[in-house]
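In: Sequence first, then the predicted structure:
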Amino acid sequence: MKKPVRIALVLGMGLALAPISVHAQAPEAQPAAVPAIPVDQQATKEQMTKLFEAMKIKEQMASVMKMMPGIMQQQVAQQMQQMKKDHPEMATMTDEQQKQQAKVMSKFMERVMTVYGSDDMLNEMAAVYQRHLTSADVDGIIAFYNSPAGQHMVTMAPAIMQEFMPTMMKHMQERMKPVIDDMTKEMAEIAKSQADAKPAATPVAK
């Protein structure tokens, strides 16, 4: 695959993973936050465990992570097909090769999803929650999530996410296409100008 296509695919994958990676960013990577709650007013680890259990965060996270490899494989395949149509001169692989590459990408995407486990995420997420929610806040939130309305919201969350993710990916792909098209055209022009600038090879004297 030519370099412009590789870079475009990497860009697309990075954008597609943005909704997941935002939960995994370190606190220092986030915008300036409000002052942290004093330690003596923070919720305990036990409270955070109860809160996350009531919110079913681990289950929701697992559901989203499970969907991502399939979504990524579909997006990569669609993007490669579209780029092949728009830029025939850049299409160097057969359909079968593209399918094989999509499978490889899917396999490695599954590996990527496991390098930062959900337990690690939850522990770090809990520490951030503790810095911004008091013990009383957490008790109130737990009470809500244990209420009928709160449990209904938790129950519906996977269905909401499952419905939202394809819509988000579709719009992202549509809005990303002109950007990638412009980028690949400029990169193809650079590659062509460099090729044109190379001096012709001097014939070897016999």
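Out: Arrived safely.
In: Please state the backbone phi and psi of the closest residue to Leu133 other than its chain neighbours?
Out: Computed as C-beta to C-beta, 6 or more residues apart in numbering, the closest residue to Leu133 that is not its neighbour in sequence is Ala43, at 5.9 Å. Quick note: C-beta positions are derived from backbone N, CA and C, even for glycine. Note on Ala43: its backbone torsions stand at phi -70, psi 150 [degrees, to the nearest 10].
In: What pLDDT is listed against Ala43?
Out: Each residue has a pLDDT score; the one for Ala43 is 93.
In: That one - how many residues pack around it?
Out: Neighbour count of Ala43, defined by other C-beta atoms under 10 Å: 25.
In: begin at 58 from here
Out: All right, first residue 58 from here; so that's Ala100.
In: From Gln135, how far out is it?
Out: 44 Å (C-beta to C-beta, to the nearest Å).
In: Let me know whether the residue nearest to Leu190 touches Ile199 as I believe.
Out: No. If you go by C-beta atoms under 8 Å, Ala100 and Ile199 don't touch, sitting 9.5 Å apart.
In: what is in contact with these two at once?
Out: Common neighbours of Ala100 and Ile199 (criterion: C-beta atoms under 8 Å, 6 or more residues apart in numbering): Leu108.
In: Which parts of this protein are helices?
Out: 60-81, 102-112, 114-143, 152-169, 175-189, 192-202, 205-254 (DSSP state H).
In: can I get the ones you listed in CSV with mean neighbour count?
Out: Putting those into CSV (neighbours: other C-beta atoms under 10 Å) gives the following:
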stretch, mean neighbour count
helix 60-81, 16
helix 102-112, 17
helix 114-143, 17
helix 152-169, 14
helix 175-189, 15
helix 192-202, 15
helix 205-254, 13
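In: nearest to Ile94, of those?
Out: Smallest distance to Ile94 across the helices of the chain (C-beta to C-beta): 6.0 Å, for helix 175-189.
In: who does that closest one touch, helix- and strand-wise?
Out: Here helix 175-189 touches helix 60-81, helix 102-112, helix 114-143, going by 3 or more C-beta pairs under 8 Å, 6 or more residues apart in numbering; DSSP states H and E.
In: Could you rerun that using 10 Å?
Out: Counting contacts by 3 or more C-beta pairs under 10 Å, 6 or more residues apart in numbering; DSSP states H and E, helix 175-189 packs against helix 60-81, helix 102-112, helix 114-143, helix 192-202.
In: Next, the angle helix 175-189 makes with the second one.
Out: Orientation of helix 102-112 against helix 175-189 (axes from the mean of the first three to the mean of the last three C-alpha atoms, to 10 degrees) gives an angle of 110 degrees.
In: Measure how helix 102-112 sits relative to helix 192-202, angle-wise.
Out: 20 degrees.
In: helices or strands next to helix 102-112 in the packing?
Out: Helix 102-112 packs on helix 114-143, helix 175-189, helix 192-202, helix 205-254, going by 3+ C-beta pairs under 10 Å, 6+ apart.
In: how about 7 Å then?
Out: Secondary-structure packing of helix 102-112 (3 or more C-beta pairs under 7 Å, 6 or more residues apart in numbering; DSSP states H and E): helix 175-189, helix 192-202.
In: Extract the C-alpha trace of that helix and format it as CSV.
Out: C-alpha atoms of helix 102-112 as CSV (Å, rounded to 0.1, in the frame of the first residue of the first chain):
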residue,chain,number,x,y,z
LYS,A,102,-12.6,3.3,47.6
GLU,A,103,-15.5,1.2,49.0
GLN,A,104,-17.9,3.9,48.0
MET,A,105,-16.4,4.1,44.5
THR,A,106,-16.7,0.3,44.1
LYS,A,107,-20.4,0.6,45.1
LEU,A,108,-20.9,3.5,42.7
PHE,A,109,-19.3,1.7,39.8
GLU,A,110,-21.3,-1.4,40.5
ALA,A,111,-24.6,0.6,40.6
MET,A,112,-23.6,2.3,37.4
